[in-house]
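S.K.: Coordinates for the following, if possible.
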Amino acid sequence: MGIYLIPLCVIVAILVIAFLFASLQQVKHKTRYIVLYVIAIIMLFAVIPINEYLTKFTQISSEEYLLILIFDIAVGYFCMYIAGLLKFNLLKQKKSSIRKCLDRKATKKCRCSIKASK
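M.R.: This is a model prediction of the structure:
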């Protein structure tokens, strides 16, 4: 009965690792979202071995079986979602820094043109 908890615990552990890795500030943004995409791909491909394990070694009901597989797929897509959010925030930060730089440059040109006209 408790053998089907093994894949479930592994999926939860991977979810916790993904959350912890996404919240690390010491790691670069690009590395964070690439690792989260890799975790998501692994989770989506892990459906096949989990399916084989559950059919061969456990005697569980079809509801529990489907719940575990759906949870695995949901964790994979959630990791993709978190990676997308990290990438979006990174692009948003770059856009705002470029906009600030362009604003500073525009004000410098205005000041120079005002000085030249006097």
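
S.K.: Show me the shaky parts of this protein.
M.R.: Across the chain, residues meeting the criterion (pLDDT under 70) sit at 1-3, 110-118.

S.K.: Spatially central residue in it, please.
M.R.: Residue closest to the average C-alpha location in the chain (C-alpha atoms, centre = their mean): A83, at 2.5 Å.

S.K.: Skipping its backbone neighbours, what lies nearest that one in space?
M.R.: L36 (3.6 Å; C-beta to C-beta, 6 or more residues apart in numbering). Where C-beta positions appear, they are placed from N, C-alpha and C, glycine not excepted.

S.K.: OK, contacts around that neighbour?
M.R.: Neighbouring residues of L36 by C-beta atoms under 8 Å, 6 or more residues apart in numbering: 18, 21-22, 79-80, 82-83, 86.

S.K.: need the residues you listed in a markdown table with secondary structure and distance to M43, can you?
M.R.: Shown next, in a markdown table, are the contacts of L36 (DSSP: H, G, I helix; E, B strand; the rest coil; distance: C-beta to C-beta, whole Å):
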| residue | secondary structure | distance to M43 |
| --- | --- | --- |
| A18 | helix | 9 |
| F21 | helix | 14 |
| A22 | helix | 14 |
| C79 | helix | 6 |
| M80 | helix | 9 |
| I82 | helix | 12 |
| A83 | helix | 12 |
| L86 | helix | 17 |
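
S.K.: Among those residues, which pair sits farthest apart?
M.R.: For those, with distances taken as C-beta to C-beta, the pair at the greatest spread is F21 and M80 (14.0 Å).

S.K.: which residue ranges form the helices in the chain?
M.R.: Here the chain has its helices, by DSSP state H, at 5-22, 29-45, 47-57, 62-117.
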